[in-house]
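[1] Can you look at this prediction? I've put the sequence above it.
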Amino acid sequence: MPETHPAPFDISTVRAILFDMDGTLVDSDRAVERSWLSWASEYGVDGQQAYEMAHGSPSATTVRKLLPHLDEAALVVAAARQLELQYDDLSDVQATPGARELLLKLTLKGIPWAVVTSADSRLAKARLAAAGIVASVLVTTDDIGAGKPDPEGYLRAAELLCVDPADCLVVEDAEVGLAAGRAAGARTAALRGLDGDLRLNTLNDLAALLT
C-alpha cells in the first residue's frame, strides 16, 4: 500500500484561538518550580514530584493528590499556601517566544482569542501583566467548577467568544490541557514535543501560518 501522510493543518478554518497561560503564553517555569519546591519542603513531600504533577493542573488538584490524608479544612489551607507562594514571585516571569507578536497578529486579523488557565484570577492577572499581555477574555479556576482535563474552561471561553468549540484551536503545553481541548471538541496545537492536530516548537510557528 502507498504511504499516506496527514493532511496539512488548515488554519483558515480556525475562527478563534484559546490559549493556555503558563508555559504557553507566559514563561513562568522557574517561578512555578520555586513555589512547589518551597511548598513541598514545608509539607514534607517530594518537591520535584510535586512540580511535575502540578504541570497544567490547578494547584488544589495537585495538593489533594499529594496530601490525601488531610481533612478538607487542612487541604484548603495547604492549597492556599501553595498559591500564596506564587502570587508575588514574578521577577523572571515573561512572555514566551513569539507570544506578543502572535497576539498582535491575531488582533490585526480580527481573530478572537482567550486565555484558559489552571491558575486563579489573582495569579493569572499578575502573570499576564508581568508578561505584558492583556487578555480581554480570561477564564480561570475562579470561573469554573472543574479544572483541566475537564473541558469546562475551554467550553466557557468558546461561549464567551460566541464561537463553536469545533471552530476553535486550543494551544497547550500540557497533556491535561490537550485532553481538555479535545474533550471540548476543539482542535489542538501542542508545544513541548507533545502530540496535537498541530505541533509547534514555539508560537512563532503558529504566527507563520497566519499569512
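    Nice, I can see it.
[2] give me the number of residues near the residue lying closest to D89 once chain neighbours are set aside?
    For D89, ignoring the flanking residues on the chain, the nearest one in space by C-beta to C-beta, 6 or more residues apart in numbering is A31 at 4.5 Å. Just so you know, the C-beta spots here come from the backbone N, C-alpha and C atoms, and that holds for glycine as well. By other C-beta atoms under 10 Å, the residues close to A31 number 21.
[3] Any figure for the gap between A31 and L160?
    27 Å (C-beta to C-beta, to the nearest Å).
[4] Tell me where this protein is predicted with low confidence.
    1-7 (pLDDT under 70).
[5] Which stretches in it count as strands?
    16-19, 26-27, 94-95, 113-116, 138-139, 168-172, 187-190, 198-199 (DSSP state E).
[6] hey, C-alpha coordinates of the fourth one in PDB?
    Looking back up the chat, that one is strand 113-116. Extracted C-alpha coordinates of strand 113-116, given in PDB (Å, rounded to 0.1, in the frame of the first residue of the first chain):
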ATOM      1  CA  TRP A 113      -8.600  34.800  21.300                       C
ATOM      2  CA  ALA A 114      -8.900  33.900  25.000                       C
ATOM      3  CA  VAL A 115      -6.800  32.600  27.800                       C
ATOM      4  CA  VAL A 116      -7.900  29.500  29.800                       C
END
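[7] That strand pairs with which strands, parallel or anti?
    strand 16-19 (parallel), strand 138-139 (parallel) (DSSP bridges).
[8] How far does it sit from its chain's centre?
    9 Å (C-alpha atoms, centre = their mean, to the nearest Å).
[9] returning to what we had before: which of the strands paired with strand 113-116 sits most buried?
    strand 16-19 (a mean of 26; mean count of other C-beta atoms under 10 Å).
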